[in-house]
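Asker: A structural model of the following input is requested.
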Amino acid sequence: MVSRFAICPVRLPKGPLRLLLRQNDLICGPELMRAASLAALDCTRNPCWTARVGRKVLPGSAAPLGALFDGQGTNFAIYAAGAARVWLCLFDAAHASGEERVELTEVDAYVWHCYLPGIAAGQRYAYRVAGDWDPDHGKRWNVAKLLLDPYALAVDGPLNWGASDADAERLFDYRFADGSRSDLDSAPGMPRCVVVDRSFDWGDREARPHRELADTVIYEIHVRAFTCQHPGLAPAEQGTYKGLTHPDVLKYLSDLGVTAVELMPVQQFFSNRGETNFWGYNPVCWMAPHGAYALAGRGGEQVAEFKEMVRVLHEAGFEVFLDVVFNHTVEGGNPQYLQLKVHAGWVRVRAGAA
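Answerer: Numbers count the residues shown, from 1 in each chain. Modelled structure (predicted):
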């Protein structure tokens, strides 16, 4: 049985969500008109990009959010209430210098969207958004900052903090010296989102165990720590999702009487500057499995490897629980400009406020 559902517990709607709130209805007040003027100014500050001549851009759908590959192309949809202009940025590979920007012109219920024929699984992408810059009122739109998709299913690459304060400052939307707006391009230090083929063969029937809570014995597991020194695993498999599927690992858990494994954070997370985050309580994309735990690769392969791990654990009789942290992120306490927030209201008012 082949499923095209993501690893996240979100059901895809049967039809497109179109609330008939068009772009002309959104850009109608003096505030957003000023934002549009500011956006035009911002674009002149970042000339190092190209738009492919002849790129076919279709309206697409506002639902589902994220990047949905259908076998012939990809639908992109991003929520950005208050934005004046939005660009989808396409890259050949992580940290590649070449960037193609596709401006999104379709807006439904604050969701900006398009459909690009020919864009397949493995395509790296991110966003840039222009609008008002008024930190005292929670408005920090800055087209110089490359943004990750909150609904991305895979992320390629870590944060590149560089070797100096000047390198690190690119990742922030303010200048270290005086807190003023930074127009430094953050792309050289930013990872990329990845378009993923959501299809996966779960077998003829998905063997998902169902036990009463009273009969459940949970073993909390850190994917890397649990397998990083296991003598029965090949070195390449140690510390990976695949490592958890090894017969010796499954037998060990079964012999303990375990009925469910609870995975410590496996959502994509990053490390702060000068530190190595081991435990994973520094997430940034909750629907993307952490790429460094995948043996197969970080170009979307981590999603298939994660699903395969779940499939094998289920077949072995283990339920799979996920430890998910929402109350703090890699951005917490430091206004790094990493991700286009799902809700426009969740924006810092001033530097240092979480």
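
Asker: How is this structure divided into domains?
Answerer: 2-194, 205-322 (automatic domain parsing).

Asker: which residue sits closest to D149, ignoring its sequence neighbours?
Answerer: In space, and not counting its chain neighbours, D149 is closest to C193: 4.7 Å by C-beta to C-beta, 6 or more residues apart in numbering. C-betas here are computed from N, CA, C, even on glycine.

Asker: May I have the residues that are in contact with that neighbour?
Answerer: C193 is in contact with 67, 124-126, 148-149, 152, 154-156, 285, 288, counting by C-beta atoms under 8 Å, 6 or more residues apart in numbering.

Asker: Tell me if I am right that K251 is in a helix.
Answerer: Yes. The assignment for K251, made by DSSP: H, G, I helix; E, B strand; the rest coil, places it in a helix.

Asker: Now do it against I78, distance only.
Answerer: 45 Å (C-beta to C-beta, to the nearest Å).

Asker: what does L171 give?
Answerer: Distance from L171 to I78, counting by C-beta to C-beta: 20 Å.

Asker: and the residue nearest to D149, that one's in a strand?
Answerer: Yes. According to three-state DSSP, C193 belongs to a strand.

Asker: Who does it form a beta bridge with?
Answerer: Y125, V155 (DSSP bridges).

Asker: C285: neighbour count?
Answerer: 25 (other C-beta atoms under 10 Å).

Asker: my bad, V57
Answerer: 16.

Asker: Could you shift the numbering so residue one becomes 40, and keep it that way?
Answerer: Sounds good: first residue 40 from here, last item V96.

Asker: State the helix or strand in which the residue nearest to it when sequence neighbours are not counted lies.
Answerer: Nearest in space to V96, with sequence neighbours left out and distances taken as C-beta to C-beta, 6+ apart, is C153 at 5.4 Å. Taking DSSP states H and E as the definition, C153 sits inside strand 150-156.

Asker: what helices or strands is that strand leaning on?
Answerer: strand 112-118, strand 124-130, strand 139-143, strand 145-147 (3 or more C-beta pairs under 8 Å, 6 or more residues apart in numbering; DSSP states H and E).

Asker: Of all the residues in that strand, which ones are buried?
Answerer: With burial defined by 16 or more other C-beta atoms under 10 Å, the residues of strand 150-156 counted as buried are 150-155.

Asker: go on, stretch 285-302?
Answerer: 285, 288-289, 292, 297-300, 302.

Asker: now, which of these sits nearest G356?
Answerer: Nearest to G356 among these, counting by C-beta to C-beta, is T298 at 7.2 Å.

Asker: quick one, what contacts that closest one?
Answerer: By C-beta under 8 Å, 6+ apart, T298 lies in contact with 248, 250, 254-257, 356-358.

Asker: In PyMOL, select just the buried ones from those.
Answerer: Filtering these down to the buried ones (16+ other C-beta under 10 Å) takes a single PyMOL command:
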select buried, resi 357+358
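
Asker: got CSV for the contacts of T298, with distance to V146 and secondary structure too?
Answerer: Shown next, in CSV, are those (distance: C-beta to C-beta, whole Å; DSSP: H, G, I helix; E, B strand; the rest coil):
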residue, distance to V146, secondary structure
P248, 44, coil
R250, 46, coil
D254, 50, helix
T255, 46, coil
V256, 50, coil
I257, 44, strand
G356, 48, coil
F357, 44, coil
E358, 41, strand
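
Asker: What is the nearest of the contacts of T298 to G201?
Answerer: I257 (41.0 Å).

Asker: The closest one and E301 touch, don't they?
Answerer: Yes. If you go by C-beta atoms under 8 Å, I257 and E301 touch, sitting 5.2 Å apart.

Asker: what residues are shared contacts of the two?
Answerer: F360.

Asker: can you tell me how far P274 sits from L334?
Answerer: In terms of C-beta to C-beta, P274 sits 11 Å off from L334.

Asker: neighbour-wise, which of the two wins?
Answerer: Between P274 and L334, counted using other C-beta under 10 Å, the more crowded position is L334 (16 against 7).

Asker: Perfect, I'm done here.
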